[in-house]
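J.: one predicted model, sequence on top.
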Amino acid sequence: MTKPFVFVVEDDPKLREIMSITLEADFELETCADGNTALERLRNIAPEIVILDLNLPGVSGKDLLTYVRAQDRLAKTRVILTTADDRQAETLNNDADIVLLKPVSPMQLRELTLRLGSMQ
Amino acid sequence: MSYHFTPNMIPLALAALISGALGLYTWQHRRAIGAIPFVVMMLLVFEWEISYILHLAGNDFATKLFWDKVMFFGVVATPLAWLTFALEYTGRKTWLNARRLVMLSIIPVTTLLIIRTNESHQLFWTQSTLSSEGGFSLLNNINGSWFWVHAWYSYILIMVGLVLVVRALLRWPAQYRGQMIWVLLATLTPFIANILTVFHIIPILIDLTPFAFTVTGIGMAFALFRYRLLDIAPIARDIVIDGMKDGMIILDAERRIVDVNRTAQEMIALTGEQQPIGKQLADILSGWPGLIDRYRNLMEAEDEISLNVGEAPRWYALTLSTLLDENKLVIGRVLIIRDITDRKQAERQLQESEARFRQIVENASDLIYRVDRLGRITYANPSVVRVLGYDDEKEILGRDYLNFVLPELRHKVKRVYERQLLRKTPTTYYEVPVMAAAGHEIWLGQNVQLIYEGDQIEGFQAVARDITAIKQAHDALRIARDQALEASLAKTRLLSKVSHELRSPLGGIVGYAELLQRDAFGQLNEKQYKATSEIIESADYLANMVNELLDEAQLRSSNATLQEKMFSPRQLVQLATSGMDILAQKKGLSFSSSIDPRLPEAILGDDRRLRQIIINLLGNAIKFTKEGSVSLEVTCPEDDCWAIQVTDTGIGISKEAQSYIFEPFRQLQSAVTYDNRGVGLGLSITKQLVELMNGKIVVESETGRGSTFTVLLPLRTTG
C-alpha cells in the first residue's frame, strides 16, 4: 500500500523540519518554503493532503487554499491550515478541513494527518 | 226731594268733572308712585263736589241736610287721602302700614258717625237753618264742638302732607324747579281756600275748598304729565345718591356743608361729628388740614389721603368739582370721597409680592433676561451683567440679544428662536455660546419661554446658566474617552501581534521537544526524557496563556460581538473535539462525546465562540482530571433551549469555590498543582461569552467526585 502524499508549505525552516521528521515515516512528503513555488508545484502534483501555513511570503496560504478548492483535479485533496492568528483561522474554518492554531503539537499533527489520510 | 239747578252751579260742576276726569286719567297711570292715593283723593273730591251741587240744588231743608251729610264723607276723607299720597310720593309708603292707617282713620270715622247722629246730640252742628243768599239757597250751620276737632285734624293731616311734599321738593335739583312751583301751588291751594271759608275771612257764601282741591288736582296732574311728577327720577336720584358707595359732600361758596349723602354722613361720623350740615368743612375734616385751601383755586382736583380712624389707617380718594352758575361764578363745590383702602391694600400687596419676586430674580445665580419681539433686551438681572463681565446693565439693555452670541453661530441661534416664535413652542432648551465683554467664550444653557400679553406674543424670557465648565468637562471627557478607546484598540492590536509573534517560536519549542521525546534524534536517557517533558509542559502553559490573554483582551475591549449565522451543531462538536480526544488520550483518560438527535440540523449562533466555550470547558476538564473520563454531551432539554454539558471525574470544586471560579484569575488554590497550572482566565472568558449569548453557565460539583459544567443557551433556528 502506497503512503499518502502530503505536501507541506511552511516558510519557517524549523517548523518545516519538525513537520518533515514528524510525518516522513508515514507519508510520502514534499515540502516547500514559499507561496509562489507552492503554487507552481500544485499545478503539477495532486497530493492527498496539503499542510498550509497561512502566512507565507509571495502567494499567501489563503490564496493557495482558494486555488486548491477551485481545481477539479484536486477535489479530493484535504487541507490542514496552520496559523498563529486565531481570527484569520476562523474566517477560513469552513474552507479548510482542519485549522490548527500554532503552536502545533507534532504528535497531534501526525494523528490528524493520519486520520485524514485514512479517510481517503 | 226736589231740586232746583241754577247756572251758577256750573263752575262747581266743571270742577267736579275735572276732578273725576283726573281720577280716571291717573288710574290709567296707576303704576306711578303715589298714583293710587291720588286717584282716591280725586274721586273723594269728585264726590264732595257732586254732593255739594246736590246740596245747593235741594229745595227743602231735609234734602239739603241729607246731601250735606253725604258731602262730608268727601270732606272728612280727602285730607287722609292727601296724607297717604304725600307719604307714598315722598318714599314713606312702608311707614303707612294697616295699623297706622286705622289709627289715622279713627277721628274721620268718628266724625262721620257723629254727623250721622247729629240730631240726637248736636255735637257737630248745634243748629241748622235754611237761608237764601246771592241766588243760593243755603243751609246755615252753626258748628258744634266736634266740628272743630274735625277741622283741626284735617288741617294737621294737610299740613303734614304739605311739609313732606315741600321738603322733598326742596331737595330737588334746579332742573325740577318748575315742577316744584306747580306742586307747591297745588298743595297750598286747598289749605288756603279752606281757611278762608271756615273762618269767613272773605265774604263768599259757598265753600271754596272743593274748588281748591280741583285746583290741586289740576296742578298735580300738570306737574305729573308736564313735569312727570310721578316719575321715578327724583326718588331714584335720592336713592342713588344716598345709596352711592362714594361719599358726596356739597359745599356752598363759603365752604359750609349744605348736603351730605348717607355714605359721607357715615364717613364724617367716624370723625365724631354727627350733624355736619351747616358747618365748615375745615372743622369737620380737621384730619385733612389745608385740604380745601390746597384746591382753592382749582376747578377740579383729585387726591388720595389717609385717615387714621380706629385701628388701621383708611385710604380715601377725593374728587373735588366746582359748581358754577350761569355767570360762571362759584356757587359751591362737590366733594366725592371714595374709600380706596381695599384698593390701596391690594396695591401694597402687589408691590410687596413684586418686590419679593424681584428680589428672587435679582439675587438668582442663574441669568434671567427678557427680550422683546424685535430681539432687544428689555431686562437683565445682575447675574447677566456679572457673568458677561459688564459693569452696568445699561451696557446690555436695549441691545439685540444676537450681539452677544458668537458671530459664527448667530445665524443658527436666530433660526432656533424664530422657529420657537413661529411654532409658538412654549419652552425650549438650547445651548448658546456667547461672548463676554472681555471677548472670551461662555456657554449658556438656557430655557426660553414665550411671553404672552393676551393672545399676543410679547417676546421671550430666558433663564440661563453658565455651563462653560460643564462643556469643558464634557470635551475633556470626550477626548479622554477617545484616547482610552484608541489606547484600548492599540492594546488589543499589540496583544494580537505579541501573541502571534509568540506562537510561532512556541511551535519550534513544542515541535522539537516532542520530537526529542519521541527519540527522533536518538534514544534519550531518563533525565533527558524528563527534561524534554518539562520543555513541552512549559511551552503548553505558555501557549495557553497566550490564547487566554488574547481572548480576555478582546472581550474587555468590548470588541466582543457575536457573529451569528446558521451552523450545524454536529459539525461544531466534531471540530471542537478534534484534538481534545488526543489530549485526553495523552493523559490516559477516556473521552466521549454525544449529541441529542432532537437537536435541529442547523441552529443560529456564533459557532466560533461556541467552539471556544467547548474547548475551554473540555481543556479544563482534561487538565484537572488525573484518571477516569471526560465527556461532552450536547442536549436539547426543551424546545427553546439547548445545552452543552462537560463532565469529568476530576478533583471537583468545593461549594465555596463554586462561587468565584468564574471570576478572572481565580483558580482553586488546591487545584494548582505541578500538573495543572493555568492562567485562570478560561472560565471567566467562558462565562462572559455565554452571557453574551443570553445564556447561563452552571456548575455542579463535589470535591473529589468530579464536576459537571452546563451551558444553557436559547435555541433559535431562524435569524
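T.: Alright, I've got the coordinates.

J.: write out the residues of chain A neighbouring chain B.
T.: Taking Cβ under 8 Å from any Cβ of the partner chain, the part of chain A that reaches chain B is made up of A:12, A:14-15, A:18-19, A:21-22, A:84-87, A:90, A:93, A:98, A:100-108, A:111-112. C-beta here means a position set from N, CA and C on the backbone, and glycine is covered the same way.

J.: restricted to buried residues, select the residues you listed in ChimeraX.
T.: In ChimeraX, a selection of the buried entries from the residues of chain A next to chain B looks like this (16 or more other Cβ atoms under 10 Å in any protein chain shown):
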select /A:12,15,18,19,21,22,84,85,86,90,93,98,100,101,102,103,104,105,106,107,108,111,112
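
J.: so which bits of stretch B:184-191 are buried?
T.: For stretch B:184-191, the neighbour count (16+ other Cβ under 10 Å) marks B:184-191 as buried.

J.: excluding residues flanking it in the chain, which one is nearest the residue of the stretch 301-450 of chain B found nearest chain A?
T.: Using Cβ to the nearest Cβ, the closest approach of the stretch 301-450 of chain B to chain A is made by residue B:431 at 42.7 Å. Nearest residue to residue B:431 in three dimensions, chain neighbours excluded: residue B:445, at 4.9 Å (Cβ to Cβ, 6 or more residues apart in numbering or on different chains).

J.: which SSE is that neighbour in?
T.: Following DSSP states H and E, one finds residue B:445 within strand B:441-453.

J.: give the contact list for the nearest residue to residue B:514 once chain neighbours are set aside.
T.: The shortest distance from residue B:514 to any non-neighbouring residue, by Cβ to Cβ, 6+ apart, is to residue A:106 (4.6 Å). Neighbouring residues of residue A:106 by Cβ atoms under 8 Å, 6 or more residues apart in numbering or on different chains: A:18-19, A:21-22, B:510-511, B:514-515, B:518.

J.: can you give me the mean pLDDT across the strand holding residue B:445?
T.: Confidence for strand B:441-453, expressed as mean pLDDT, is 91.

J.: what helix or strand does the residue most central in space within chain A sit in?
T.: The centroid of chain A falls nearest to residue A:51 when counting by Cα atoms, centre = their mean (1.1 Å). Counting by DSSP H and E, the element that carries residue A:51 is strand A:49-53.

J.: what helices or strands is that strand leaning on?
T.: strand A:5-9, helix A:61-70, strand A:78-83, helix A:106-118 (3 or more Cβ pairs under 8 Å, 6 or more residues apart in numbering or on different chains; DSSP states H and E).

J.: need those in CSV (columns: distance to residue B:644 and mean pLDDT).
T.: Shown next, in CSV, are these (distance: least, Cβ to Cβ, whole Å; pLDDT from 0 to 100):
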stretch, distance to residue B:644, mean pLDDT
strand A:5-9, 34, 95
helix A:61-70, 30, 90
strand A:78-83, 25, 89
helix A:106-118, 23, 87
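
J.: got any ranges where chain A has weak pLDDT?
T.: Filtered on pLDDT under 70, chain A yields the residue ranges A:1, A:86-94, A:119-120.

J.: I should have written the stretch 251-400 of chain B there, sorry.
T.: In the stretch 251-400 of chain B (pLDDT under 70), the answer is B:270-274, B:285-299, B:308-311, B:325-326.

J.: can you map out the strands along it?
T.: B:257-260, B:300-308, B:313-324, B:330-339, B:367-372, B:377-380 (DSSP state E, counting those that start in this stretch).
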